[in-house]
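J.: dropping a prediction and its sequence here:
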Amino acid sequence: MNTMMKVLKYQARDAIRSRWLIAYALFFLVVTDALLRFSGDPVKAQLSLVSIVLFVVPLVAIVFGTVYLYNAREFVELILAQPVDRRQTYCGLYLGLTLPLIVTFVVGLALPFALNGLDALAWGRLAALLVAGTVLTCVFTAIATSIAVKCEDRLRGLGAAIGVWLLVTIVYDGFVLLVLAVLSEYPLERATLGLMMANPIDIARVGLLLRFDGAAMMGYTGAVFLKFFSGSTGMVVATLALTAWIVAPIAFGVRVFQRKDF
Amino acid sequence: MKRPLLQIMNVCKRFGAMDILRSVDLTVAAGRVLAIVGPNGAGKTTLIKSVLGLTRPDAGRITLMGTDVLGANAYRSSIGYMPQIARFPENLTGGELVALLKDLRGPTALLDTELIDCFGLEQALEKPLRVLSGGTRQKVNAAMAFLFSPELLILDEPTAGLDPLSSSVLKDKILVERGAGKTVMVTSHIMNELEELADDVAFMVDGRLAFSGTLDDLKRVTAQTTMERAVAAMMMRDCAEAA
């Protein structure tokens, strides 16, 4: 077992016992269960959950991740005072944060559905929701980890974390809408596609809505998206873009971590 | 000449516009206790962290038992480090923390659990660290530094927050380890306590090493009889020079 796995093992044990993660699991349990009860229809409940997952998962991953790693600073020093490699330690810290968040999310979201019983279609859509939430968790904890090692000051770090979240969740969409409104005379389907690929939450959103037949609601642009995403090129491009969103912050964070003075 | 265990040569470190270490040269002899003293912000902790590789010096060399430490990792298995602040992941137990260090260091022939026994930590190690008092956490911190019988012990203000009994236990342990041929670097602001322990003294001020030698030398140079007076004299002399 290498250093990464060892750090991962103990950090994950610590994180999964955190009150915040227990609250996170309870949140999804309660919301999912309530949506199932009130709508009485798993598919409607899942459609509502799309927005909730896209909104809450990135926020929790980036804020919890940053705060957790700032609190773990002395722990990181203790680890680095042992005969360990910094790159592996960083990856262990990242995974030790990410895996507990994924487990809590999956349990919180899937358990009420599992208890309720689902048909094949609803299972497929639940799986899509779980995959989207998992990938978004990986992206935003990667950003959180790199912020926590880059910014010495925890208040600035937390500000940066919330800033990144606001940017990709709200500001970016406003910017895209603005572009579309200003250039409405031109055929912008391909450009829109490009803009969507630059934002991890948008990729997840488009991917989910297409599975939920939301494409019908999106008019001609939706048709272009559907064509793009149902083809293999679209899937490859989307996967590559999301992978880049995970790998780039990790690569940046490792670089900073290797030169960092504690 | 005593056998040098650790050699710090010409080490410089700058944070922004501040020179934290200005060309520090220090040789730490094997089997002795070295006290690193000096006013707050003199660079003591940065020097310690440079030896541990937590901080990367801008210039200079550091060798432990003849091998370069800069950029290396394996050498840290010969070092036991007790950091100043004992803040650990609050949902882990002390036992799990110890298990992590064992895992990270790999199989060791012999574990030195004397401090765990003397501090009576067996029960505390089963509880989450968040419920332990600051003093108990500091005891866990100390026990972990000594656990692997390292050649070099680096203790940063080890007795801060310990009650007199525990602090005596820790000091006895330091002397036992020295008797066994281990080397100890210790910082503290409590001179009376260092007087019991120290063979050698390194006095740092403003990132420079203002004095390095045996405790007796320090007393002779400053014409004082206690370490506290001697270090105070050193500090006053330094203030006078600066003025």
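T.: That came in fine, so what should we check first?

J.: could you use CA atoms for every contact and neighbour count after this?
T.: Fine.

J.: just for chain B, where's the confidence low?
T.: Applying pLDDT under 70 to chain B flags the ranges B:1-2, B:109, B:243.

J.: same thing but at 80, please
T.: For chain B, the stretches with pLDDT under 80 are B:1-3, B:86, B:107-109, B:238-239, B:241-243.

J.: and the stretch 1-150 of chain A, which residues reach chain B?
T.: Within the stretch 1-150 of chain A, the positions lying close to chain B (C-alpha under 8 Å from any C-alpha of the partner chain) are A:3, A:6-7, A:10, A:13-15, A:17-18, A:71-72, A:74-75, A:77-85.

J.: give me the residue from chain B nearest chain A.
T.: Closest contact between chain B and chain A, by C-alpha to the nearest C-alpha, is at B:Thr55 (4.3 Å).

J.: from what I see, B:Leu218 and B:Ala202 are in contact.
T.: No: B:Leu218 lies out of contact with B:Ala202 (C-alpha atoms under 8 Å); the separation is 9.4 Å.

J.: could you tell me which residues touch both of the two?
T.: Counting by C-alpha atoms under 8 Å, 6 or more residues apart in numbering or on different chains, the residues touching both B:Leu218 and B:Ala202 are B:Phe211.

J.: give me the buried entries from the residues of the stretch 1-150 of chain A next to chain B.
T.: A:3, A:6-7, A:10, A:13-15, A:18, A:71-72, A:74-75, A:77-85 (16 or more other C-alpha atoms under 10 Å in any protein chain shown).

J.: list the contacts of the residue of chain B closest to chain A.
T.: A:260-262, B:46, B:49 are the contacts of B:Thr55 under C-alpha under 8 Å, 6+ apart.

J.: B:Met9 in helix, strand or coil?
T.: Following DSSP: H, G, I helix; E, B strand; the rest coil, the label given to B:Met9 is strand.

J.: returning to what we had before: which ones among the contacts of B:Thr55 lie within helices?
T.: B:46, B:49 (DSSP state H).

J.: just the buried residues from the contacts of B:Thr55, in PyMOL please.
T.: Per 16+ other C-alpha under 10 Å, the buried members of these correspond to this PyMOL selection:
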select buried, (chain A and resi 261+262) or (chain B and resi 46+49)
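
J.: would you turn the contacts of B:Thr55 into a markdown table with distance to A:Gly96?
T.: Compiled in a markdown table, the contacts of B:Thr55 are given as follows (distance: C-alpha to C-alpha, whole Å):
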| residue | distance to A:Gly96 |
| --- | --- |
| A:Lys260 | 20 |
| A:Asp261 | 22 |
| A:Phe262 | 20 |
| B:Thr46 | 29 |
| B:Lys49 | 25 |
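
J.: and chain B, which residues reach chain A?
T.: B:49, B:52-56, B:73-77, B:79, B:81, B:83, B:85-92, B:96-97, B:100-101, B:103-105.

J.: quick check on those residues: which are buried?
T.: Buried among the residues of chain B next to chain A by 16+ other C-alpha under 10 Å: B:49, B:52-56, B:73, B:75-77, B:79, B:81, B:83, B:86-92, B:96-97, B:100-101, B:103-105.

J.: of these, which belong to strands?
T.: B:79, B:81 (DSSP state E).

J.: now, which of the buried ones among the residues of chain B next to chain A lie within helices?
T.: Using DSSP H, these in helices are B:49, B:52, B:96-97, B:100-101, B:103-105.
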